[in-house]
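Asks: quick one, fold the following:
(one chain, ligands or ions: 1)
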Amino acid sequence: MSMVEVAQVAKKYDGSFEALKGVDLNIEQGEILALLGPNGAGKTTLISIICGLVTPTGGHIRVGGHDVITDYRETRRLVGLVPQEINLEPFEKVLNTVRFSRGLFGLKRDDAKIEDVLRRLSLWDKRDTPIRALSGGMKRRVLIAKALAHEPKVLFLDEPTAGVDVELRRDMWEIVADLKARGTTIILTTHYIEEAEAIADRIGVINRGRILLVEDKQSLMTRLGRKELRISLDAPLDALPPSLEGRGLELQDGGQMLVHSYDSTAERSGIARLMADLATEGIAVRDVATRQSSLEEIFVNMVHSEEEAA
Ligand SMILES: Nc1ncnc2c1ncn2[C@@H]1O[C@H](COP(=O)(O)OP(=O)(O)OP(=O)(O)O)[C@@H](O)[C@H]1O
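Replies: Numbers count the residues shown, from 1 in each chain. Prediction:
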(Lines give C-alpha, C1' and ligand atoms only; values in the text may rest on other atoms or scores of the structure.)
Protein backbone atom coordinates (compact mmCIF):
# COMPACT_ATOMS: atom_id res chain seq x y z
CA MET A 1 0.00 0.00 0.00
CA SER A 2 1.29 3.46 -0.87
CA MET A 3 1.55 5.99 1.94
CA VAL A 4 -0.13 8.67 -0.17
CA GLU A 5 -2.49 7.84 -3.02
CA VAL A 6 -3.76 10.61 -5.25
CA ALA A 7 -6.24 9.56 -7.94
CA GLN A 8 -7.66 11.84 -10.62
CA VAL A 9 -7.55 14.88 -8.38
CA ALA A 10 -8.94 18.05 -9.90
CA LYS A 11 -9.33 21.57 -8.55
CA LYS A 12 -11.26 24.44 -10.02
CA TYR A 13 -10.92 27.77 -8.26
CA ASP A 14 -13.95 30.03 -8.38
CA GLY A 15 -15.77 27.38 -10.35
CA SER A 16 -13.78 27.99 -13.50
CA PHE A 17 -9.98 28.18 -13.29
CA GLU A 18 -8.55 24.64 -13.40
CA ALA A 19 -5.51 24.60 -11.14
CA LEU A 20 -5.32 20.77 -11.21
CA LYS A 21 -6.53 18.65 -14.11
CA GLY A 22 -6.75 15.03 -12.99
CA VAL A 23 -3.58 14.33 -11.06
CA ASP A 24 -2.51 10.75 -10.25
CA LEU A 25 0.37 10.22 -7.85
CA ASN A 26 1.43 7.49 -5.44
CA ILE A 27 4.07 8.01 -2.79
CA GLU A 28 5.66 5.09 -1.01
CA GLN A 29 6.46 4.95 2.67
CA GLY A 30 9.89 6.38 3.48
CA GLU A 31 10.62 7.97 0.14
CA ILE A 32 11.46 11.54 -0.74
CA LEU A 33 9.49 12.87 -3.67
CA ALA A 34 10.36 16.26 -5.12
CA LEU A 35 7.64 18.04 -7.06
CA LEU A 36 9.22 20.35 -9.58
CA GLY A 37 7.28 22.92 -11.50
CA PRO A 38 7.25 26.55 -12.56
CA ASN A 39 5.27 29.25 -10.72
CA GLY A 40 1.56 28.59 -10.75
CA ALA A 41 1.95 24.94 -11.83
CA GLY A 42 -0.32 23.75 -9.02
CA LYS A 43 2.22 22.45 -6.48
CA THR A 44 0.86 24.29 -3.44
CA THR A 45 -2.72 23.46 -4.43
CA LEU A 46 -1.85 19.76 -4.67
CA ILE A 47 -0.13 19.53 -1.30
CA SER A 48 -2.85 21.63 0.37
CA ILE A 49 -5.41 19.15 -0.95
CA ILE A 50 -3.45 16.14 0.31
CA CYS A 51 -3.16 17.82 3.72
CA GLY A 52 -6.91 18.40 3.76
CA LEU A 53 -6.66 22.20 3.74
CA VAL A 54 -8.18 22.74 0.31
CA THR A 55 -11.16 20.77 -0.98
CA PRO A 56 -10.70 19.12 -4.37
CA THR A 57 -13.43 19.40 -7.00
CA GLY A 58 -12.75 15.84 -8.15
CA GLY A 59 -10.83 12.67 -7.39
CA HIS A 60 -9.75 10.82 -4.25
CA ILE A 61 -6.84 11.09 -1.85
CA ARG A 62 -5.80 8.54 0.74
CA VAL A 63 -3.08 8.95 3.34
CA GLY A 64 -2.02 5.83 5.21
CA GLY A 65 -5.06 4.12 3.71
CA HIS A 66 -7.53 6.74 5.02
CA ASP A 67 -9.61 9.04 2.86
CA VAL A 68 -8.62 12.69 3.51
CA ILE A 69 -12.21 13.91 3.33
CA THR A 70 -14.24 11.26 5.13
CA ASP A 71 -11.43 10.45 7.58
CA TYR A 72 -10.16 13.98 8.04
CA ARG A 73 -9.02 13.71 11.66
CA GLU A 74 -7.10 10.52 11.09
CA THR A 75 -5.27 11.77 8.02
CA ARG A 76 -4.59 15.21 9.49
CA ARG A 77 -2.70 13.53 12.33
CA LEU A 78 -0.58 11.57 9.90
CA VAL A 79 0.67 14.63 8.00
CA GLY A 80 2.82 17.60 8.90
CA LEU A 81 3.03 20.67 6.69
CA VAL A 82 5.84 23.19 6.54
CA PRO A 83 4.27 26.13 4.73
CA GLN A 84 5.97 28.50 2.33
CA GLU A 85 5.22 31.55 4.42
CA ILE A 86 6.44 32.22 7.93
CA ASN A 87 3.28 32.41 10.01
CA LEU A 88 4.58 32.48 13.57
CA GLU A 89 3.45 34.38 16.64
CA PRO A 90 6.27 36.96 17.11
CA PHE A 91 6.09 37.30 20.90
CA GLU A 92 5.77 33.60 21.70
CA LYS A 93 8.83 31.64 22.78
CA VAL A 94 10.17 28.80 20.63
CA LEU A 95 9.40 26.03 23.12
CA ASN A 96 5.80 27.18 23.67
CA THR A 97 5.19 27.61 19.95
CA VAL A 98 6.18 24.02 19.23
CA ARG A 99 4.44 22.62 22.33
CA PHE A 100 1.23 24.39 21.31
CA SER A 101 1.33 22.79 17.85
CA ARG A 102 1.36 19.33 19.42
CA GLY A 103 -1.59 20.28 21.62
CA LEU A 104 -3.63 21.24 18.55
CA PHE A 105 -3.75 17.57 17.61
CA GLY A 106 -5.22 16.61 20.94
CA LEU A 107 -2.04 14.78 21.94
CA LYS A 108 -1.03 14.89 25.56
CA ARG A 109 1.92 17.06 26.52
CA ASP A 110 5.24 15.26 26.07
CA ASP A 111 8.21 17.49 26.84
CA ALA A 112 10.75 14.77 26.04
CA LYS A 113 9.37 14.51 22.48
CA ILE A 114 9.44 18.28 22.03
CA GLU A 115 13.00 18.44 23.38
CA ASP A 116 14.04 15.76 20.89
CA VAL A 117 12.51 17.69 17.97
CA LEU A 118 14.12 20.96 19.08
CA ARG A 119 17.53 19.34 19.52
CA ARG A 120 17.39 17.72 16.09
CA LEU A 121 16.74 21.13 14.57
CA SER A 122 19.46 22.85 16.65
CA LEU A 123 16.80 24.93 18.38
CA TRP A 124 17.14 23.66 21.93
CA ASP A 125 19.46 26.53 22.95
CA LYS A 126 16.90 28.99 21.60
CA ARG A 127 13.91 27.43 23.36
CA ASP A 128 13.27 30.50 25.51
CA THR A 129 13.89 33.02 22.75
CA PRO A 130 10.84 34.84 21.41
CA ILE A 131 10.23 34.20 17.70
CA ARG A 132 10.76 37.85 16.75
CA ALA A 133 14.38 37.67 17.97
CA LEU A 134 15.27 34.75 15.67
CA SER A 135 17.01 34.98 12.31
CA GLY A 136 15.05 34.06 9.19
CA GLY A 137 16.84 30.70 9.06
CA MET A 138 15.95 29.89 12.66
CA LYS A 139 12.31 30.79 11.98
CA ARG A 140 12.31 28.25 9.15
CA ARG A 141 13.61 25.65 11.57
CA VAL A 142 10.77 26.53 13.96
CA LEU A 143 8.28 25.93 11.14
CA ILE A 144 9.73 22.44 10.68
CA ALA A 145 9.71 21.80 14.44
CA LYS A 146 6.03 22.82 14.58
CA ALA A 147 5.21 20.46 11.72
CA LEU A 148 7.01 17.61 13.49
CA ALA A 149 5.56 18.24 16.96
CA HIS A 150 2.77 15.68 16.55
CA GLU A 151 5.12 13.05 15.05
CA PRO A 152 3.61 12.89 11.57
CA LYS A 153 4.35 9.99 9.23
CA VAL A 154 4.32 12.19 6.13
CA LEU A 155 5.98 15.59 5.98
CA PHE A 156 5.22 18.17 3.30
CA LEU A 157 7.71 20.94 2.73
CA ASP A 158 6.49 23.72 0.46
CA GLU A 159 9.58 25.33 -1.01
CA PRO A 160 11.64 24.83 2.12
CA THR A 161 14.68 26.69 0.88
CA ALA A 162 13.20 29.53 -1.17
CA GLY A 163 15.36 32.58 -0.54
CA VAL A 164 17.63 31.02 2.08
CA ASP A 165 21.41 31.12 1.93
CA VAL A 166 23.54 28.23 0.72
CA GLU A 167 24.57 27.13 4.21
CA LEU A 168 21.01 26.93 5.49
CA ARG A 169 19.95 25.13 2.32
CA ARG A 170 22.53 22.44 3.03
CA ASP A 171 21.39 22.24 6.67
CA MET A 172 17.82 21.75 5.45
CA TRP A 173 18.95 18.92 3.19
CA GLU A 174 20.60 17.26 6.18
CA ILE A 175 17.45 17.64 8.24
CA VAL A 176 15.43 16.02 5.44
CA ALA A 177 17.94 13.15 5.12
CA ASP A 178 17.74 12.57 8.89
CA LEU A 179 13.92 12.45 8.74
CA LYS A 180 14.04 9.96 5.91
CA ALA A 181 16.44 7.79 7.91
CA ARG A 182 13.78 7.75 10.65
CA GLY A 183 11.22 6.45 8.17
CA THR A 184 9.32 9.69 7.47
CA THR A 185 7.83 10.01 4.00
CA ILE A 186 8.69 13.40 2.54
CA ILE A 187 7.15 15.40 -0.25
CA LEU A 188 8.76 18.69 -1.10
CA THR A 189 8.03 21.27 -3.72
CA THR A 190 10.87 23.23 -5.17
CA HIS A 191 11.96 25.50 -7.96
CA TYR A 192 15.53 24.46 -7.43
CA ILE A 193 16.47 21.59 -9.64
CA GLU A 194 19.73 21.30 -7.76
CA GLU A 195 17.66 20.58 -4.66
CA ALA A 196 15.71 17.77 -6.31
CA GLU A 197 18.94 16.39 -7.72
CA ALA A 198 20.58 16.44 -4.27
CA ILE A 199 17.92 14.88 -2.06
CA ALA A 200 15.01 13.28 -3.91
CA ASP A 201 14.48 9.57 -4.58
CA ARG A 202 11.82 10.30 -7.18
CA ILE A 203 10.99 13.39 -9.13
CA GLY A 204 7.59 14.52 -10.27
CA VAL A 205 7.31 17.29 -12.84
CA ILE A 206 4.11 19.32 -12.78
CA ASN A 207 3.05 22.05 -15.19
CA ARG A 208 -0.30 23.77 -15.72
CA GLY A 209 -2.08 21.43 -13.35
CA ARG A 210 -0.85 18.20 -14.92
CA ILE A 211 1.83 15.76 -13.86
CA LEU A 212 4.14 15.39 -16.83
CA LEU A 213 6.08 12.53 -15.28
CA VAL A 214 7.06 10.85 -12.04
CA GLU A 215 10.20 8.83 -12.17
CA ASP A 216 13.11 7.56 -10.17
CA LYS A 217 15.73 10.34 -10.18
CA GLN A 218 18.58 8.16 -11.35
CA SER A 219 16.67 6.56 -14.19
CA LEU A 220 15.28 9.93 -15.27
CA MET A 221 18.74 11.38 -15.49
CA THR A 222 20.08 8.41 -17.43
CA ARG A 223 17.08 8.09 -19.69
CA LEU A 224 16.80 11.71 -20.70
CA GLY A 225 20.37 12.70 -20.14
CA ARG A 226 22.13 12.77 -23.46
CA LYS A 227 25.86 12.84 -23.39
CA GLU A 228 28.09 14.81 -25.68
CA LEU A 229 31.62 14.10 -26.75
CA ARG A 230 33.23 17.40 -27.70
CA ILE A 231 36.25 16.97 -29.92
CA SER A 232 38.45 19.99 -30.39
CA LEU A 233 40.22 19.81 -33.76
CA ASP A 234 43.73 20.92 -34.64
CA ALA A 235 42.54 22.67 -37.78
CA PRO A 236 38.98 23.85 -38.51
CA LEU A 237 36.87 21.90 -41.01
CA ASP A 238 34.66 23.63 -43.61
CA ALA A 239 32.32 20.65 -43.72
CA LEU A 240 32.06 17.09 -42.50
CA PRO A 241 33.79 14.57 -44.77
CA PRO A 242 31.15 12.35 -46.48
CA SER A 243 32.26 9.29 -44.48
CA LEU A 244 31.20 11.03 -41.23
CA GLU A 245 27.82 12.28 -42.38
CA GLY A 246 24.55 10.92 -41.01
CA ARG A 247 26.01 9.92 -37.64
CA GLY A 248 24.66 12.68 -35.42
CA LEU A 249 27.83 14.76 -35.67
CA GLU A 250 27.83 18.53 -35.69
CA LEU A 251 30.50 21.11 -36.36
CA GLN A 252 30.57 24.08 -34.00
CA ASP A 253 32.82 27.08 -33.25
CA GLY A 254 33.60 27.78 -36.91
CA GLY A 255 34.46 24.15 -37.61
CA GLN A 256 36.94 23.92 -34.75
CA MET A 257 34.73 21.71 -32.56
CA LEU A 258 33.16 18.42 -33.56
CA VAL A 259 30.25 17.45 -31.32
CA HIS A 260 29.03 13.86 -31.08
CA SER A 261 25.75 13.38 -29.16
CA TYR A 262 25.11 9.89 -27.92
CA ASP A 263 22.96 7.93 -25.56
CA SER A 264 25.01 7.19 -22.47
CA THR A 265 22.90 4.11 -21.69
CA ALA A 266 23.43 2.45 -25.09
CA GLU A 267 25.72 -0.54 -25.20
CA ARG A 268 27.83 1.00 -27.94
CA SER A 269 28.49 4.73 -27.92
CA GLY A 270 30.33 4.64 -31.25
CA ILE A 271 33.21 6.64 -29.78
CA ALA A 272 35.98 4.16 -30.62
CA ARG A 273 34.83 3.92 -34.23
CA LEU A 274 34.52 7.69 -34.53
CA MET A 275 38.06 8.23 -33.28
CA ALA A 276 39.35 5.59 -35.73
CA ASP A 277 37.44 7.23 -38.60
CA LEU A 278 38.87 10.63 -37.73
CA ALA A 279 42.38 9.16 -37.89
CA THR A 280 41.59 7.55 -41.29
CA GLU A 281 40.39 10.91 -42.61
CA GLY A 282 43.62 12.50 -41.36
CA ILE A 283 41.73 14.80 -38.97
CA ALA A 284 44.00 15.66 -36.04
CA VAL A 285 42.42 15.92 -32.60
CA ARG A 286 43.69 18.44 -30.04
CA ASP A 287 41.49 17.62 -27.08
CA VAL A 288 38.31 15.75 -26.09
CA ALA A 289 35.79 16.41 -23.35
CA THR A 290 32.39 14.99 -22.43
CA ARG A 291 29.39 16.71 -20.92
CA GLN A 292 26.10 15.32 -19.70
CA SER A 293 22.85 17.26 -19.70
CA SER A 294 21.81 18.21 -16.20
CA LEU A 295 18.42 17.69 -14.66
CA GLU A 296 17.90 21.42 -15.22
CA GLU A 297 18.22 21.09 -19.00
CA ILE A 298 15.97 18.03 -18.98
CA PHE A 299 13.33 19.91 -17.00
CA VAL A 300 13.46 23.09 -19.06
CA ASN A 301 13.19 21.07 -22.29
CA MET A 302 10.23 19.12 -20.95
CA VAL A 303 8.23 22.15 -19.80
CA HIS A 304 9.18 24.03 -22.96
CA SER A 305 8.02 21.29 -25.33
CA GLU A 306 4.75 20.99 -23.41
CA GLU A 307 4.17 24.76 -23.76
CA GLU A 308 4.80 24.49 -27.50
CA ALA A 309 2.39 21.59 -27.82
CA ALA A 310 -0.32 23.51 -25.90
N1 LIG B 1 -7.32 30.48 -3.62
C2 LIG B 1 -7.17 30.61 -4.94
N3 LIG B 1 -8.11 31.18 -5.71
C4 LIG B 1 -7.98 31.29 -7.05
N5 LIG B 1 -6.88 30.84 -7.74
C6 LIG B 1 -5.89 30.28 -7.02
C7 LIG B 1 -5.97 30.13 -5.59
N8 LIG B 1 -4.83 29.51 -5.17
C9 LIG B 1 -4.08 29.30 -6.27
N10 LIG B 1 -4.70 29.75 -7.38
C11 LIG B 1 -4.20 29.66 -8.77
O12 LIG B 1 -3.96 28.30 -9.08
C13 LIG B 1 -2.76 28.15 -9.82
C14 LIG B 1 -1.82 27.19 -9.10
O15 LIG B 1 -1.33 27.82 -7.93
P16 LIG B 1 -0.36 27.10 -6.90
O17 LIG B 1 -0.11 28.05 -5.77
O18 LIG B 1 -0.88 25.77 -6.58
O19 LIG B 1 0.94 26.95 -7.80
P20 LIG B 1 2.45 26.62 -7.38
O21 LIG B 1 2.91 25.60 -8.35
O22 LIG B 1 2.50 26.29 -5.93
O23 LIG B 1 3.16 27.99 -7.67
P24 LIG B 1 4.38 28.70 -6.87
O25 LIG B 1 5.58 27.95 -7.23
O26 LIG B 1 4.36 30.07 -7.46
O27 LIG B 1 4.03 28.67 -5.42
C28 LIG B 1 -2.19 29.55 -10.00
O29 LIG B 1 -2.56 30.02 -11.27
C30 LIG B 1 -2.85 30.35 -8.91
O31 LIG B 1 -3.01 31.69 -9.30
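Asks: CA atoms for contacts and neighbours, from now on please.
Replies: Fine.
Asks: before we move on, what SS does residue 12 have?
Replies: strand (DSSP: H, G, I helix; E, B strand; the rest coil).
Asks: thought it was touching residue 57?
Replies: Yes. Using CA atoms under 8 Å, residue 12 is in contact with residue 57, at 6.3 Å.
Asks: next, the residue in the stretch 201-310 of the chain positioned nearest to the ligand: phi, psi?
Replies: Nearest residue of the stretch 201-310 of the chain to the ligand (CA to the nearest ligand atom) works out as residue 209 at 7.2 Å. Here is the backbone geometry of residue 209 (degrees, to the nearest 10): phi 80, psi 10.
Asks: pull the contacting residues for it.
Replies: With contact set as CA atoms under 8 Å, 6 or more residues apart in numbering, residue 209 has these partners: 18, 19, 20, 21, 22, 23, 41, 42.
Asks: can you narrow those to ones near the ligand?
Replies: Near the ligand, judged by CA under 6 Å from any ligand atom, the entries from those are 19, 41, 42.
Asks: dump those residues to CSV, plus distance to residue 100, neighbour count and pLDDT.
Replies: What follows is those, written out as CSV (distance: CA to CA, whole Å; neighbours: other CA atoms under 10 Å; pLDDT from 0 to 100):
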residue, distance to residue 100, neighbour count, pLDDT
19, 33, 21, 95
41, 33, 19, 90
42, 30, 23, 93
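Asks: in helices only, show me these.
Replies: Counting by DSSP state H, no part of those is found in helices.
Asks: break down the chain into its strands, ranges please.
Replies: 4-13, 17-27, 32-36, 58-63, 66-67, 79-82, 154-158, 185-190, 202-207, 210-216, 226-233, 249-252, 257-263, 285-292 (DSSP state E).
Asks: got a pLDDT number for residue 278?
Replies: Residue 278 is assigned a predicted lDDT (pLDDT) of 94.
Asks: same thing with residue 169?
Replies: For residue 169, the predicted pLDDT is 86.
Asks: also residue 298?
Replies: 69.
Asks: do residue 225 as well
Replies: 62.
Asks: state the number of residues packed around the closest residue to the ligand within the stretch 51-200 of the chain.
Replies: Closest approach between the stretch 51-200 of the chain and the ligand, counting by CA to the nearest ligand atom: residue 191, at 6.9 Å. Neighbour count for residue 191, taken as other CA atoms under 10 Å: 16.
Asks: quick check, it in contact with residue 159.
Replies: Yes. Counting by CA under 8 Å, residue 191 does reach residue 159; the two are 7.3 Å apart.
Asks: returning to that earlier point: could I get the strands of the chain as a markdown table with distance to residue 273?
Replies: Converted to a markdown table, the strands of the chain look like this (distance: least, CA to CA, whole Å):
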| stretch | distance to residue 273 |
| --- | --- |
| strand 4-13 | 49 |
| strand 17-27 | 44 |
| strand 32-36 | 39 |
| strand 58-63 | 53 |
| strand 66-67 | 58 |
| strand 79-82 | 54 |
| strand 154-158 | 49 |
| strand 185-190 | 42 |
| strand 202-207 | 36 |
| strand 210-216 | 33 |
| strand 226-233 | 13 |
| strand 249-252 | 13 |
| strand 257-263 | 12 |
| strand 285-292 | 14 |
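Asks: which among the ones you listed is found nearest to residue 241?
Replies: Nearest to residue 241 among the strands of the chain is strand 249-252; the distance by CA to CA comes to 10.9 Å.
Asks: helices or strands up against the closest one?
Replies: In this structure, strand 249-252 makes packing contacts with strand 257-263, judged by 3 or more CA pairs under 8 Å, 6 or more residues apart in numbering; DSSP states H and E.
Asks: just for the protein, where's the confidence low?
Replies: 223-225, 264-267, 293-296, 298, 310 (pLDDT under 70).
Asks: near the ligand, which residues of it are found?
Replies: 13, 19, 38, 39, 40, 41, 42, 43, 44, 45.
Asks: ok, the second one - contacts?
Replies: Just to be clear, that refers to residue 19. 10, 11, 12, 13, 41, 42, 45, 208, 209.
Asks: the third one bridge partners, please.
Replies: Residues found in beta-bridge contact with residue 12 (criterion: DSSP bridges) are residue 18.
Asks: quick thing: my sequence starts at 838, can you match it?
Replies: OK, 838 is where the count begins now, so the last one is residue 849.
Asks: distance of it from residue 1046?
Replies: Using CA to CA, to the nearest Å, residue 849 is found at 10 Å from residue 1046.
Asks: what's the answer for the fifth one, then?
Replies: For residue 878, the distance to residue 1046 under the criterion CA to CA works out to 6 Å.
Asks: do the same with the fourth one
Replies: From residue 850 over to residue 1046 the distance is 12 Å, taken as CA to CA.
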